[in-house]
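*Asks:* Got a predicted structure here, sequence first:
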Amino acid sequence: MNKEIVEFHSVIGKLKIAIVHEWFVNYAGSERVVEQMLEVFPNADLFSIVDFLPENSRGYLHGKKAKTTFIQKLPFAKKHFRNYFPWFPIAVESHDLRGYDIVLSSSHMVSKGLIVNQDQLHICYCHSPCRYAWDLYHQYLEEAGLRKGILGIFAQFFLHKLRIWDQISTPRVHHFIANSKYIASRISHVYNRDAEVIYPPVDVLKFVLLEEKDDFYFAASRMVPYKKMELIAEAFKKMPDKKLIMVGSGAKTADLKRINSSNIVFKTEADAPEFLKLMSRAKAFVFAAEEDFGITMAEAQACGTPVIAFGKGGAAEIVQNGITGVLFTEQNVESIVEAVAKFESNPELYQPKTISETAQRFSNQAFRENLILKVYQKWMQFKS
């Protein structure tokens, strides 16, 4: 592996590389992937549908600005660009990528549908096939109130068109990389394509091991329906002797605050030092969503903090049941209560040092080395 990495670096200066991301508006999981792509390919050019990052938040992009599309200039796009989703396929196809040797797309919606020619290698790092067009379609319509009415008809029509375009554009990708085995399975189901797995990067050096834990549980996420934070709150309401600290904000914030229990502390936000302190000192991190990967679970384990999670999606790949945490099988209050009881019945099983060591496979360095190797291999195959 190291030999191939050295060989790739010997030719990287001769290659022109483009990185295409959906949009730059914040710094979340998919943006961390782009950040590490730029560490590997610092001379790459960036493309996105829109780029509304403020100047003081561009550090992870090395100060680069993306080449954007016509949507950047549409009315109210800065706050409501997602409302223009019916035009996203046209927008991503408008990127002029002529002259690039390798195109890397970071895609959870439409980036994979860019247009390249026969002399260009297109590798897609797929965070997920577009969830609200595929597996979350009915849930999305229900939660958005778009089951009926004029707006519902338009939404369903455009999502139908998006699914058709998503299938048509799939052959434009030479090779898929999935962020987990779970997503590789979804790529196979939706696109009928194979995908190799490279886990997304986690800053394990930031989330350092702490072996002494305090007597509280921790949960952190956006307060939106699919994250199932209300299930965690309801479960701990039934366990008044166990303290829970919850951090997050979103559409479900008001609903969660109505779950009034003296053992639950709600925080709408926590700055980086406080978040790290809570994550590292918690008895366990609790996670109830079915997530594509779930970076916060890996961050918790880097701190040596056990994870109690719903055992589907990325959690099943991150958490080793009975060693680094406890997996529960149903997204309901009773399953969470049972999982906490199981965790507390054998606390000696969950050794912080062992838990932290298992998280090293998700490090930034591991991601970069795996990406270099994969791009090198695919480039050599492509040119042969």
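*Replies:* Looks like it came in fine.
*Asks:* Now do the domain split for the protein, please.
*Replies:* Taking automatic domain parsing as the criterion, the chain consists of the domains 2-201+363-383, 217-360.
*Asks:* now the strands for the stretch 51-200 of the chain?
*Replies:* Counting by DSSP state E, counting those that start in this stretch, the stretch 51-200 of the chain has strands at residues 102-107, 121-126, 175-178, 195-197.
*Asks:* Can I get the ones you listed in TSV including mean pLDDT?
*Replies:* What follows is those, written out as TSV (pLDDT from 0 to 100):
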stretch	mean pLDDT
strand 102-107	97
strand 121-126	98
strand 175-178	98
strand 195-197	97
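*Asks:* now those strands in CSV, with mean neighbour count and distance to residue 358?
*Replies:* For the C-beta atoms, the positions are set from N, CA and C on the backbone; glycine is no exception. Formatted as CSV, those follow (neighbours: other Cβ atoms under 10 Å; distance: least, Cβ to Cβ, whole Å):
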stretch, mean neighbour count, distance to residue 358
strand 102-107, 24, 26
strand 121-126, 24, 23
strand 175-178, 23, 20
strand 195-197, 17, 16
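*Asks:* Would you mind giving the ones you listed as JSON lines with distance to residue 33 added?
*Replies:* Putting the strands of the stretch 51-200 of the chain into JSON lines (distance: least, Cβ to Cβ, whole Å) gives the following:
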{"stretch": "strand 102-107", "distance to residue 33": "6"}
{"stretch": "strand 121-126", "distance to residue 33": "6"}
{"stretch": "strand 175-178", "distance to residue 33": "10"}
{"stretch": "strand 195-197", "distance to residue 33": "13"}
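*Asks:* For the residue lying closest to residue 29 once chain neighbours are set aside, the count of nearby residues, please.
*Replies:* Sequence neighbours aside, residue 295 is the residue nearest to residue 29 in space, at 5.0 Å (criterion: Cβ to Cβ, 6 or more residues apart in numbering). Using other Cβ atoms under 10 Å, residue 295 has 21 neighbouring residues.
*Asks:* just to revisit the earlier point, so of the domains of the chain, which one's packed in deepest?
*Replies:* By mean neighbour count, with neighbours taken as mean count of other Cβ atoms under 10 Å, domain 217-360 ranks first of these at a mean of 19.
*Asks:* just to revisit the earlier point, quick one: the residue nearest to residue 29 and residue 221, what's the gap?
*Replies:* 11 Å (Cβ to Cβ, to the nearest Å).
*Asks:* Please apply the same query to residue 53.
*Replies:* Applying Cβ to Cβ to residue 53 and residue 221 gives a distance of 23 Å.
*Asks:* Residue 54 now?
*Replies:* Applying Cβ to Cβ to residue 54 and residue 221 gives a distance of 24 Å.
*Asks:* Following element in sequence after the worst-scoring helix or strand of the chain on mean pLDDT, please.
*Replies:* Ranked by mean pLDDT, DSSP states H and E, the helix or strand of the chain with the weakest confidence is helix 2-12, at a mean of 68. Once helix 2-12 ends, the next helix or strand along the chain (criterion: DSSP states H and E) is strand 17-24.
*Asks:* for that following strand, what is the average pLDDT?
*Replies:* Per-region confidence: strand 17-24 scores 97 on mean pLDDT.
*Asks:* Ok, stretch 200-208 next?
*Replies:* Rounded mean pLDDT across stretch 200-208 is 90.
*Asks:* Other residues contacting it?
*Replies:* Residues from elsewhere that reach stretch 200-208 (Cβ atoms under 8 Å, 6 or more residues apart in numbering): 29, 32-33, 35-36, 127, 179, 276, 279-280, 293, 295, 298-300, 302-303, 359-360, 362-364, 366-368.
*Asks:* Just the pLDDT at residue 144, thanks.
*Replies:* Reported pLDDT for residue 144: 69.
*Asks:* And the helices in the stretch 51-200 of the chain?
*Replies:* Per DSSP state H, counting those that start in this stretch, the stretch 51-200 of the chain carries helices over the ranges 77-80, 88-93, 137-143, 149-169, 181-191.
*Asks:* Compare the mean pLDDT across the ones you listed and name the weakest.
*Replies:* When the helices of the stretch 51-200 of the chain are compared on mean pLDDT, helix 137-143 scores lowest, with a mean of 74.
*Asks:* helices and strands around that one, which ones?
*Replies:* helix 149-169 (3 or more Cβ pairs under 8 Å, 6 or more residues apart in numbering; DSSP states H and E).
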